[in-house]
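1. Predicted model, plus sequence, below.
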Amino acid sequence: MSRIEREYEASDQRRFFVPCPHCGTMQWLKFERLRWDKGRPETVRYHCEACEQEIAEHHKGAMLAAGVWRATATGSDPGTIGFHISALYSPPGWQSWRDIVRLWEAAQGNDDALRVFKNTVLGETWTESGEAPDWQRLYDRRETWTNGTVPAGGLFLTAGADVQKDRVEIDVWAWGRNLESWLVDHIIIDGGPEKAETWTSLEQVLAKTWQHANGAALKIARLAIDSGYESSAVYTWGRRMGVGQVSPIKGVEGFNRSSPVSGPTFVDATEGGKKVRRGARLWTVAVSTFKSETYRFLRLERPTDEELASGIRFPAGTVHLPSWADSEWCKQFVAEQLVTVKTRRGFTKLEWQKLRERNEALDCRVYARAAVWIVGADRWSEAKWRDLEAQIGPSETVQPEETQAGQIRRTVRRPRRIIKFSGMH
Ligand SMILES: [Zn+2]
């Protein structure tokens, strides 16, 4: 989609070649050739692509002085000269390789930060990762925890509801720090939006609690419900529920990375058979942004059991699926792919396309993710996260007690508290 990239591709594609201080091989600097110990940017070295020896930062000055621009495009003379250079070439005293590695590490798990890193540090375009992950892989790495409970890392719940002609599907997700998430429940309400019982059932879902691993009971902090199929019924129900727990949403195609959720706008609703002008709130969700984010999260490498045992955490954004998620659910979750399409006016654009008919699991995930945005979790301070952790409380306490028989009896204290969630909107 980038005009600069297109022009550069059509040029002779010059890069700045510098000599290896060890073997003298001329090469252009690539980020992939930097190696360092994870979490320790100060250990960074450049590895020569010819002799594999380590090149330290202090060599850079002399290398730059001996550098030359060379065309890298093969074939006939393209007639246009194009230059590309990255921050890896920053002269001594500017941005060091160590600074670059530090930025890279800080950007992990955050699409926006990674995109900025690619654009401004490497001078490269950002490629949306759109190929659907393999459902079998997701299925194989499902995890086991007690059905319907929230694992320890989950700090609040959101739900996404997809309204169809004959049913409403709801997925409940638990969210922890850095957008790590766990699928906690999958609920299908039989009945279309025209039936009063459908809405009564949905209200029962709002009143329900799920038990946290620490004993606390969690309610859904925010349910985002799609208004696309039957907007007036959804607006009216949304108005009746108030703004505390329910957010009617409307999905729109396209990306909006800086603000994937916008609103609310005010739309007409009905109350007691009467139309109420601007009586309900409606949020607009750029669904492509959250689909891309979800698929990127699904592709994250997972720590091995040994690494987990040694205290290494799951990377930011990890999606945990429970053992009860069946193959149909997993297939629905990866039911779309991002493709480049030509518009009628000859431009290209990115578009999500369905690979199979049913994709409710992905839609519900996107809505539940939008609900996370609506409660403000994308912008919460460290203090807010700590506060949530404190509300849920410490891990269940196991206290050994002497019994008369001299045996050790374990008493498990499970505090029963319902966490009242206060969102920002
Ligand atoms: Zn070398």
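-> On my side now, so go ahead. Numbering: from 1, shown residues only.

2. Please make it C-alpha for all contacts and neighbour counts, starting now.
-> Will do.

3. In contact with the residue lying closest to Pro133 once chain neighbours are set aside, which residues are there?
-> For Pro133, ignoring the flanking residues on the chain, the nearest one in space by C-alpha to C-alpha, 6 or more residues apart in numbering is Val334 at 6.2 Å. Listed by C-alpha atoms under 8 Å, 6 or more residues apart in numbering, the contact partners of Val334 are Ala132, Pro133, Asp134, Trp135, Tyr295, Asn359, Leu362.

4. quick one, phi/psi of the closest residue in space to Leu350 that isn't next to it in sequence?
-> Distance criterion C-alpha to C-alpha, 6+ apart; nearest residue to Leu350, sequence neighbours excluded, is Thr340 at 4.6 Å. Thr340 adopts backbone torsions of phi -90, psi 130, taken as degrees, to the nearest 10.

5. Report all helices and strands that the longest helix seen in the chain contacts.
-> Determined from DSSP state H, the single longest helix within the chain is helix 360-375. Applying 3 or more C-alpha pairs under 8 Å, 6 or more residues apart in numbering; DSSP states H and E, one finds that helix 360-375 contacts strand 156-163, strand 167-175, strand 220-226, strand 261-271, helix 287-298, helix 327-333.

6. Show residues contacting the second one.
-> By that I understand strand 167-175. 150, 153-163, 181-193, 198, 220, 360-361, 364-365, 368.

7. For those residues, I'd like a selection string for ChimeraX - just the buried members, please.
-> Per 16 or more other C-alpha atoms under 10 Å, the buried members of these correspond to this ChimeraX selection:
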select :150,153,154,155,156,157,158,159,160,161,162,163,181,182,183,184,185,186,189,190,191,192,193,198,220,360,361,364,365,368
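
8. which of the contacts of strand 167-175 come close to the ion?
-> When C-alpha under 5 Å from the ion is applied, no member of those is adjacent to the ion.

9. my guess is Phe333 meets Cys364, correct?
-> No. Phe333 lies out of contact with Cys364 (C-alpha atoms under 8 Å); the separation is 9.1 Å.

10. Just the CA coordinates for the longest helix of the chain, please, in PDB.
-> Provided in PDB are the C-alpha atoms of helix 360-375 (Å, rounded to 0.1, in the frame of the first residue of the first chain):
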ATOM      1  CA  GLU A 360     -19.100 -16.500  15.100                       C
ATOM      2  CA  ALA A 361     -16.100 -17.400  17.300                       C
ATOM      3  CA  LEU A 362     -14.000 -14.800  15.600                       C
ATOM      4  CA  ASP A 363     -16.700 -12.200  15.600                       C
ATOM      5  CA  CYS A 364     -17.500 -12.700  19.300                       C
ATOM      6  CA  ARG A 365     -13.700 -12.400  20.100                       C
ATOM      7  CA  VAL A 366     -13.500  -9.100  18.200                       C
ATOM      8  CA  TYR A 367     -16.600  -7.800  20.000                       C
ATOM      9  CA  ALA A 368     -15.200  -8.900  23.400                       C
ATOM     10  CA  ARG A 369     -11.900  -7.200  22.500                       C
ATOM     11  CA  ALA A 370     -13.800  -4.000  21.600                       C
ATOM     12  CA  ALA A 371     -15.300  -4.200  25.000                       C
ATOM     13  CA  VAL A 372     -11.800  -4.200  26.500                       C
ATOM     14  CA  TRP A 373     -11.100  -1.100  24.600                       C
ATOM     15  CA  ILE A 374     -14.400   0.500  25.800                       C
ATOM     16  CA  VAL A 375     -13.600  -0.100  29.500                       C
END
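
11. Beyond that helix, next helix or strand please.
-> Per DSSP states H and E, the first helix or strand lying C-terminal to helix 360-375 is helix 382-392.

12. Can you point out the buried residues in that next one?
-> Glu389, Gln391, Ile392.

13. Likewise for stretch 236-252?
-> So for stretch 236-252, counting by 16+ other C-alpha under 10 Å, buried means Thr236, Trp237, Gly238, Arg239, Gln245, Val246, Ser247, Pro248, Ile249, Lys250, Gly251.
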